[in-house]
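Participant: dropping a prediction and its sequence here:
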Amino acid sequence: MIEHTGSYQNQPGPYFGPYGGRWMPESLIAALEEVERTFTEAREDPEFIAQLQDLFTNYVNRPSLLTEVPRFAADTPGVRVFLKREDLNHTGSHKINNVIGQALLAQRMGKTRLIAETGAGQHGVATATAAALFGMECTVYMGEVDTQRQALNVARMEMLGAEVVAVKTGARTLKDAINDALRDWVASVDTTHYLLGTVTGPAPFPAMVRYFHSVIGEEAREQVLAQAGRLPDAVCACVGGGSNAMGIFHGFLDDPGVELYGLEAGGEGMDTGRHAASINLGRTGVLHGARTYLMQDEDGQTVDSHSISAGLDYPAVGPEHAWLHDTGRATYEPVTDTECMDAFQRLCRTEGIVPAIESSHALAGALRLARRWADEGLVGPDTPEAEQKIIVVNLSGRGDKDVATAAKYFGMLPDAETPAGGDAEAVAARPEGAQS
Amino acid sequence: MTETVNTVHSRTSEAIEAARAAGRTALIGYLPAGYPTVEDSIEAAVALGNNGADVIEIGIPYSDPVMDGPVIQAATSQVLADGFRIDSVFDIVKAVSARTDAVVLVMTYWNIVDRMGVDTFARRLSEAGGAGIITPDLVPEEAGDWFEASDRYGLDRVFLTAPSSTDQRIKLVVESSRGFVYGVSVMGVTGARSEVSSAAEQVVARAHEAGAPRVAVGLGISRPEHIREIGRYADGAIVGTALVSALRDGGPAAVGTLTAELATGAVRDGAGA
């Protein structure tokens, strides 16, 4: 446990306690310094802030709604659940916030090409979108396994004019896509900005990506105060790299009464070894530019992660989360694939909202927390309104991209080998992903 | 020649200076530990040392080698898939040191060292006869523990400088390095290239101006004529991918043959070889 007193907000980096830093090849340090300098200047520039606000309002569709979901929460009377609807953003997830911000910075730096890694495809789609909007070239690196899991998003990125490279090295998932994006960047840094999609990586990325997502928490805090008349008891968010969680947590970091829960991908179960719960079973080390918790073997080799959600399938976590864990300010718990898919189905059936599988980990965490409170006798059918517990869940993305995966999981396809109809056909037609 | 950290006897510096005295550009060769097997990686490194290399870099296979191109990635992924363990690095260093006069360095991504503990890693490397570590993803700002451990165990520390490095950073890298400064010749990853980058000469000149007594050029160097060209301005030339390709296609003997050929390019004009 690390002792921390004073504000948790606006940690500047490059270090978050012992975590973070800049563990990168020398070739990239000048570029990182340029990004840092540009970001530091831009955030103090009223013109930049106005540009960002304008795009947030008139392109992204901010502020996103805060929706109470009483039927979803009905099994635990006395607990109210609100969803922060990042799924309603343009492109369907929170990822666009950071992408718009960094694309503006890239433009400021005179870069003409964006590259990105993507797992579930949400960040790749958002980056391809911004590249189209700003008239830039775009290359997205995506693990070959993920191009198969998320074939529709591959097609979306190509429609938007991006080149999608299926990464065939290592585990062929998100971490390998980051490796290839870094290799590209080393050779293309004069013209190219690496639009890293989460709060990992070398400084300034963790603090910068958090900054662009902090709008989530700021809005959610105001909205819950307006709708419920008080701050929530808890905030739940899924954590892979951890960008949506940092975004929503940030607004509540200095509200000591608000418990913060990061839900990691417990995969097939923590005892199976097939999971992506970096904090819960990881050890500290250095990966992709930051000191943080990561899944590694005794020799320091990265261990392959596993999750039903491509977006959480990453063996490390943003360094600020590592610090929030060590200080005790936030709590990180694993959610298994099974718990996650139960929550996924529950939200579909009770509220008419199809969540991303990533975000369903946060929904499962909220249900678990509500049950825990009920079991402890803290809430019940007779709890007076003033003593009811409130949970805000960051619904970081919508589940359209996951329809094929979920349909297969729930056995809704007539034949798992030859899926029929709409989305599933697209999957079957693109077994090798989309290397172009 | 000034060295900011010279309380430690630097074996790598000595090897490069010996090459200079003999009228040669120091020849530095890279091979991955355990490729294609532990035994053959030892034989290949010995062949490298006995056919003209002054310094041998033993690369530690790592799961996320962001500075490596396809050839080295393919080799190190195979080694890892075959169940390679870090302990054998020290066995390899020990065996190679015993059988050649070349100085043996380890090249490693930092998490490998971090996981074992910097002090333990440095002690074991020193005990095995290794002379130091080349650190492709460690910048001096993050290297506090490594400075202490390398001084404690008398190891060289080779940091990299790149075409993109600012003057201020070059100075930091030069002051932090012991043995030589690794000049990255191109903005890119490892891999053979047909010509030496035009940026290489400037990378070397800037490091020399910042006070580096020895600068070696790496990335993209695969032929004797590359080494001859580099020898006009640099103190050493580093060959990696070409040697790994030779090992893949022709085993340790091919490494010996290629090294002997490369060594002809290391003889400087006017030197009585």
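Facilitator: Done, it's in. Numbers count the residues shown, from 1 in each chain, chains lettered A, B, ... in the order given.

Participant: what's the mean pLDDT across the helix or strand hosting A:Asp146?
Facilitator: Element membership of A:Asp146 [criterion: DSSP states H and E] is helix A:144-149. Helix A:144-149 shows a mean pLDDT of 88.

Participant: now stretch A:157-174
Facilitator: The model assigns stretch A:157-174 a mean pLDDT of 93.

Participant: please enumerate the strands of the stretch 51-200 of chain B.
Facilitator: B:55-59, B:103-107, B:132-134, B:156-158, B:160-161, B:181-184 (DSSP state E, counting those that start in this stretch).

Participant: now for those strands, which one comes closest to chain A?
Facilitator: With respect to chain A, and counting by Cβ to the nearest Cβ, the nearest of the strands of the stretch 51-200 of chain B is strand B:160-161 at 4.5 Å. Where you see a C-beta, it was placed from the backbone N, CA and C, and this is true even at glycine.

Participant: off-centre distance for that closest one?
Facilitator: 12 Å (Cα atoms, centre = their mean, to the nearest Å).

Participant: can you pull the contacts of the closest residue to A:Asp176 other than its chain neighbours?
Facilitator: Excluding the flanking residues, the one nearest A:Asp176 by Cβ to Cβ, 6 or more residues apart in numbering or on different chains is A:Gly170, at 3.9 Å. A:Gly170 is in contact with A:Asp176, A:Asn179, A:Asp304, B:Ser63, B:Asp64, B:Ser77, counting by Cβ atoms under 8 Å, 6 or more residues apart in numbering or on different chains.

Participant: burial count for B:Arg85?
Facilitator: 13 (other Cβ atoms under 10 Å in any protein chain shown).

Participant: same check, this time on A:Asp342
Facilitator: Neighbour count of A:Asp342, defined by other Cβ under 10 Å: 15.

Participant: surely it and A:Leu363 touch.
Facilitator: No: using Cβ atoms under 8 Å, A:Asp342 is not in contact with A:Leu363, being 9.2 Å away.

Participant: let's see which of the contacts of A:Gly170 end up in helices.
Facilitator: Under the assignment DSSP state H, those contribute A:Asp176, A:Asn179, B:Ser77 to helices.

Participant: now flag whichever of those residues is closest to B:Leu219.
Facilitator: A:Asn179 (17.4 Å; Cβ to Cβ).

Participant: ok, the closest one touching A:Arg172?
Facilitator: No: counting by Cβ under 8 Å, A:Asn179 does not reach A:Arg172; the two are 11.0 Å apart.

Participant: quick one, which of these two is more surrounded?
Facilitator: Neighbour totals were compared for A:Asn179 and A:Arg172, and A:Asn179 leads with 25 against 20 (other Cβ under 10 Å).

Participant: quick revisit: quick check: neighbours shared by A:Asn179 and A:Arg172?
Facilitator: Contacts common to A:Asn179 and A:Arg172, judged by Cβ under 8 Å, 6+ apart, are absent.

Participant: and the residue of chain B nearest chain A?
Facilitator: Closest point on chain B to chain A, by Cβ to the nearest Cβ, is B:Arg115, at 3.0 Å.

Participant: next up, the contacts around the closest residue to that residue other than its chain neighbours.
Facilitator: Closest residue to B:Arg115 apart from its sequence neighbours, by Cβ to Cβ, 6+ apart: A:Gly300 at 3.0 Å. By Cβ under 8 Å, 6+ apart, the residues touching A:Gly300 are A:Gly285, B:Tyr62, B:Ile86, B:Asn111, B:Ile112, B:Val113, B:Asp114, B:Arg115, B:Met116.

Participant: off-centre distance for stretch B:153-173?
Facilitator: 14 Å.

Participant: rewinding a little: pLDDT at the residue of chain B closest to chain A, what is it?
Facilitator: 97.

Participant: pretty sure it is touching A:Gln296, no?
Facilitator: Yes: with contact defined as Cβ under 8 Å, B:Arg115 reaches A:Gln296; the gap is 6.4 Å.

Participant: need the residues touching each of these two.
Facilitator: In contact with both B:Arg115 and A:Gln296: A:Arg283, A:Gly285, using Cβ under 8 Å, 6+ apart.

Participant: ok, the two, which is more surrounded?
Facilitator: A:Gln296 (24 against 21).

Participant: tell me the bridge partners for that one.
Facilitator: Beta bridges link A:Gln296 to A:Thr302, judged by DSSP bridges.

Participant: pretty sure it sits against A:Ser278.
Facilitator: No: in this structure, A:Gln296 is not within contact of A:Ser278 by Cβ under 8 Å, at 9.6 Å.
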